[in-house]
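Asker: Mind folding the following:
(chains A and B)
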Amino acid sequence: MNIKTEEKNGYVIVRLDGEVDLQTSPEVRKALLSFVDRKRNVVVSLGEVEYIDSSGVASLVEAYQSSRKKGCKFSLADVSASAMRVLQLARLDKVFTIHATLDDAVAG
Amino acid sequence: MVDNLVDQNNDSQERMGGARDFSDQIALIAEMSLGFASSEDITETLGMGLTRIAEYMDAEAASLFLQNAEGDLVCRACCGPVEITGLSIPAGVGIVGRTVETGTASMVRDVLADPDFDHAVDEQTGFTTRSILCAPMQVKDTCLGAIELINKRTGDGLFDAADRSSLEVLASSAALAILNSQLSEELIKQERVRRELEMAAEIQRNMLPKAQSDDYPIHGVNVPVFSVSGDFYDIMEISDGRIWFSIGDVSGKGMNAALMMVKTLSLFRCLGKTIHDPGRLMAAINSELCETVSHGMFVTMVAGLLDPKSGEISMANAGHEPPLLLKSDGQTFEEFAAPMPPLGIIDDLGDGGAFPEDHFDLDGGALYIFTDGLTEASVPGGGMLGGQGVRTLIRGHRNLTGSARMNSIIETVRDMGGPQKDDLTVLVVADCSPWCHVGQGGDDSRLLLSLNVPAQSDQLKPIRVAVTRETRGCGCAELWVQDLVLAIDEACQNIIRHAYKGQPEGTIELELWHHGDRIEVHLIDRADRIDPSLIKPRDLSDVRPGGLGTHFINEVMDEVVYDVPADGVGNLLRMTKRIE
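Answerer: This next block holds a predicted model:
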């Protein structure tokens, strides 16, 4: 798994790829919270995510909840089919703001 | 007095010593010994040996007498002009009787002067006896009989002291040779009996079930006290996938008990193929045994049917030691006492042709059935293992499985040091229902994957890769495979995080089965028992991190069962997903 970040239109774009599981999710959690803690608007790109488990989803949930407290934006974009399946199983597809593309996410 | 009568010419010793070569005598002894050792017909060998002695001693006639069981001396071989084979002389009578009684050689150079000489034979046959030499056939204190020589062909026709010495040596050698051949005949007989027993024991051993693989639910062991056993056990699958098991103990030990064991075991195998109820089977075996049983012999026996898919057992007990069910907690026992007397005593015992049955579920436990060779095994300091001792022994081995458990129990009993007094048989029926593939879909059942890995997060990816590879190979759709992989991954995470609480030394055992239209997953950890009622998916409306894994598992899989492994240690998660 890799984490790449870039900035665009005042958003921090966090690109995840590979497999987010019990071993790699702590790194994801740490990265996401570091931006949210600084009240940055975050878009997580999940287009290259091949696998995500409950611990990966938990990292997203924790960052999302933290962003609401801090009053910054947090959304998901370009969600791969396998990641979307897991979000649906967790009934989180209606909780998160999910954009079809990264451009959509940073436009608003 | 004897010496006075016989020893009248010491001078002749030198004369005869020169005439007969000493080495000839050694050669003759060697020849006789060899003849007896290799002889199959001792009478023929006696006759040949006696003829050679007569030739060597230049005697006109010779006869060999052996003492029979009544103490009479019977002529077993003779050579010369008069045939007296079969002639019987009462103990102590005549010159032969005197020789045997005193154990000393007799030499008679004037028969008319010897009051013991019996003239009757000479009178009947017209033969003239002038001189007699008779030596005992003696080995240490045992006198088998005597060899008698009559009339010397050479010289003055009389035997002398040198002849006496020669015959004494030859007679002793003949006695030794006969004794040896009698002993070896006895040894051959014993060897034949031993070989027959060994063959019987082998046939019996072959009647017992072959060793089963470790994941098989039923294992047994039989250790006879002699070469043959009066105990038995058997394991036999029937067409519907259920498995018969039985154990029995015939009263008494040795060959008669062994034969009865063979009969009972044969009845069980034969009748068990058509009768599929333990109660009716026992009643049928009982009436067969009652028809032909040897007086006073009986059999205690337990027979039961295990459904390996569910762990359910139906069982009947005829006068046997109560089987013990060690429950899944590894501590509590349930006892199944015998409501009926042993088989082979009273016909028509069954109520309506059936013995009463116990019905129960192994439920993660294991059923132990054993013969009194176990309860009555000697313990150090005297006394027997007893009921409590057996329970302690069983608890001590509950973590082992399969043949390892059987062998360890037997080793422990042996190590207690007492001499084995009775045949010892132990049978264990374990709950392998979570693992069992016997009869489940038959040829459709296939083990796709079997892993035993450390319970660490870096193992999750290799597990996912392996599961993906194997299930794709079964033609499962990509999304279906992803769901299965997610459920297995989440279950492994639960083991790492909750069962082992992050302790790194735990292991995860994973098996993936393909049963026809479904995939079955078995996940075992060896951590402390977890109460399944505490494993609950959380309410999803409460959005928070964590607690999603169990929900994923339940969502994705068609069946999820939290269970106990067959050996009672740790936790077993059994999950099934139908192939779409």
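Asker: Surely residue A:66 forms part of a helix?
Answerer: Yes - the assignment for residue A:66 is a helix, going by DSSP: H, G, I helix; E, B strand; the rest coil.
Asker: Can you get me a residue count around the closest residue to it other than its chain neighbours?
Answerer: Closest residue to residue A:66 apart from its sequence neighbours, by C-beta to C-beta, 6 or more residues apart in numbering or on different chains: residue A:36 at 4.6 Å. Glycine gets a C-beta too; all of them are placed from N, C-alpha and C. By other C-beta atoms under 10 Å in any protein chain shown, 24 other residues sit near residue A:36.
Asker: can you check residue B:182 too?
Answerer: Neighbours of residue B:182 (other C-beta under 10 Å): 13.
Asker: Pull the contacting residues for residue B:580.
Answerer: By C-beta atoms under 8 Å, 6 or more residues apart in numbering or on different chains, the contact list for residue B:580 reads B:477, B:480.
Asker: List the buried residues in the helix or strand containing residue B:99.
Answerer: Counting by DSSP states H and E, the element that carries residue B:99 is helix B:94-102. Residues of helix B:94-102 classed as buried: B:94-100 (neighbour count, 16 or more other C-beta atoms under 10 Å in any protein chain shown).
Asker: For these, give me JSON lines that also has pLDDT.
Answerer: Listed next are the buried residues of helix B:94-102 as JSON lines, based on pLDDT from 0 to 100:
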{"residue": "B:94", "pLDDT": "89"}
{"residue": "B:95", "pLDDT": "91"}
{"residue": "B:96", "pLDDT": "92"}
{"residue": "B:97", "pLDDT": "92"}
{"residue": "B:98", "pLDDT": "92"}
{"residue": "B:99", "pLDDT": "93"}
{"residue": "B:100", "pLDDT": "93"}
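Asker: pull the longest strand from chain A.
Answerer: Criterion DSSP state E: the longest strand present in chain A is strand A:41-52.
Asker: circling back to that earlier point, now the residue nearest to residue A:66, what are its backbone angles?
Answerer: Phi and psi for residue A:36, reported as degrees, to the nearest 10, are phi -60, psi -40.
Asker: how close does it sit to chain B?
Answerer: Distance of residue A:36 to chain B, given as C-beta to the nearest C-beta, to the nearest Å: 13 Å.
Asker: Retrieve the pLDDT associated with that residue.
Answerer: Listed pLDDT for residue A:36 reads 95.
Asker: If the residue in the stretch 301-450 of chain B that chain A sits nearest to is in a bridge, with which residues?
Answerer: Nearest residue of the stretch 301-450 of chain B to chain A (C-beta to the nearest C-beta) works out as residue B:449 at 18.2 Å. Beta-bridge pairing of residue B:449 under DSSP bridges involves residue B:512.
Asker: Now chain A against chain B: closest residue?
Answerer: Closest point on chain A to chain B, by C-beta to the nearest C-beta, is residue A:58, at 3.4 Å.
Asker: helix/strand/coil for that residue?
Answerer: When classified by three-state DSSP, residue A:58 comes out as helix.
Asker: That one: neighbour count?
Answerer: 20.
Asker: Correct me if wrong: it contacts residue B:549.
Answerer: No - assessed by C-beta atoms under 8 Å, residue A:58 is found out of contact with residue B:549, at 9.3 Å.
Asker: Can you tell me the centre-most residue of chain A?
Answerer: residue A:44 (3.3 Å; C-alpha atoms, centre = their mean).
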